[in-house]
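In: coordinates only, no sequence provided:
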């Protein structure tokens, strides 16, 4: 069964990125994830999305499920001034973030989770 706090946690990850608070996101990551998904990489993608779609407004239609690898995944629609993106966060059994994706909502095929 999925932990019910994954919905607000998933929305909180993207709210933290919007507030330029990468530190709070990093604090939730597994050690390996934090080594790979550096502030430069994550915030670079976040700023690229803002450049394309304007400021982040909100998260919507947030849900949780399991990936093919049996990882818990939170997924939310990210609403920006001029478009929408899909945000996904993968969690391990201990509740630590093990993956983070921001992608166009139409390009969900062949993603790792």
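Out: Arrived safely. These figures come from a predicted structure and were not determined experimentally.

In: show me the shaky parts of this structure.
Out: Judged by pLDDT under 70, the chain has its weakly predicted residues at 1-4.

In: regarding it, what is its longest helix?
Out: Longest helix of the chain, by residue count under DSSP state H: helix 39-53.

In: what about residue 107, which SS state?
Out: Put simply, residue 107 is coil when judged by DSSP: H, G, I helix; E, B strand; the rest coil.

In: residues contacting stretch 40-49, please?
Out: By Cβ atoms under 8 Å, 6 or more residues apart in numbering, the residues outside stretch 40-49 that reach it are 17-18, 20, 22, 25, 78, 80, 85, 100, 102. The C-beta positions use only the backbone N, C-alpha and C, and glycine is treated the same way.

In: just stretch 102-111 next, same as before
Out: For stretch 102-111, the external contacting residues (Cβ under 8 Å, 6+ apart) are 45-46, 49, 77-78, 84-88, 101.

In: would you point out the most distant pair within the residues you listed?
Out: Pairwise distances across the contacts of stretch 102-111 peak at 16.8 Å for 45 and 77 (criterion: Cβ to Cβ).

In: what is the burial count for the spatially closest residue to residue 56 that is not a sequence neighbour?
Out: Closest residue to residue 56 apart from its sequence neighbours, by Cβ to Cβ, 6 or more residues apart in numbering: residue 18 at 4.4 Å. Residue 18: 17 surrounding residues under other Cβ atoms under 10 Å.
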